[in-house]
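> from the sequence below, what's the structure:
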Amino acid sequence: MSISDLFDSGFKGRNQGHFASIVRVALENGHVSPEEKKFLDKLANRLEISEQEYAEILANPFKYPVNPPHLYVQRLERLYDLSRMVYADHVLGPKQKEILTRFATALGFTPGNVHYIVDKALSLLVLNVDADTFVYEMQHMNK
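Numbers count the residues shown, from 1 in each chain. You can find the predicted model right below:
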């Protein structure tokens with residue numbers, strides 16, 4: 001196996017784990033809404049998830065580990081995707097915050113500030129910010 005094969009399989013595995021995490025959030029209420037499905041379709045395309053992989057992940061998203069990225073910016077980008085999925089129905093409640101808090105912790109945000117981070121992330125989504133603005137605002141929230 002070549003170095004490029006190892007890199008490609010590692011990259012693919014991280015994308016599958018990230019996608020599976022978002023599918024878990026989508027399935028938290030027992031079904032995937034049409035809006036969630038549209039988001040999943042776009043995300044699968046962006047993450048280069050094949051149709052077969054998509055079906056396998058949808059059938060058993062818990063088979064794939066949550067692979068937290070090492071870089072803070074990448075964690076924020078994943079938090080943005082997860083936050084959008086949680087907020088897909090434009091209804092926020094204790095369940096949505098609980099789900100997002102679990103995933104934010106799995107992404108590597110510390111238990112000491114995860115609630116603040118989740119609250120900030122959800123408040124930015126209420127404002128309908130794009131990914132770049134989300135990352136910028138999250139990076140500068142304490143300054």
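
> the protein: strands as residue ranges?
Here the chain has no strands by DSSP state E.

> per-residue pLDDT of the residue positioned nearest the centre of the chain, please?
Closest residue to the average C-alpha location of the chain: Leu82 at 3.1 Å, with CA atoms, centre = their mean. Listed pLDDT for Leu82 reads 81.

> how about it: what's its closest non-neighbour residue?
Phe103 (5.0 Å; CB to CB, 6 or more residues apart in numbering). Any C-beta I mention is one placed from the backbone N, CA and C, and that applies to glycine too.

> and this structure, what are its domains?
Domain assignment of the chain by automatic domain parsing yields the ranges 1-67, 70-143.

> what's the least confident stretch among those?
Looking at the domains of the chain, the bottom one is domain 1-67 with a mean of 78.

> circling back: please name the residues that touch the residue nearest to the centre of the chain.
Ser21, Ile22, Val25, Leu100, Phe103, Ala104, Leu107 (CB atoms under 8 Å, 6 or more residues apart in numbering).

> hang on, the second one packs against Ser83?
This points to Ile22. No - using CB atoms under 8 Å, Ile22 makes no contact with Ser83, being 10.3 Å away.

> distance to Glu36 added to the contacts of Leu82, as a markdown table?
A markdown table is the format used below for these (distance: CB to CB, whole Å):
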| residue | distance to Glu36 |
| --- | --- |
| Ser21 | 14 |
| Ile22 | 9 |
| Val25 | 9 |
| Leu100 | 14 |
| Phe103 | 15 |
| Ala104 | 19 |
| Leu107 | 20 |
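
> looking at these, which is nearest Leu125?
Checking those against Leu125 by CB to CB gives Leu100 as the nearest, at 10.1 Å.
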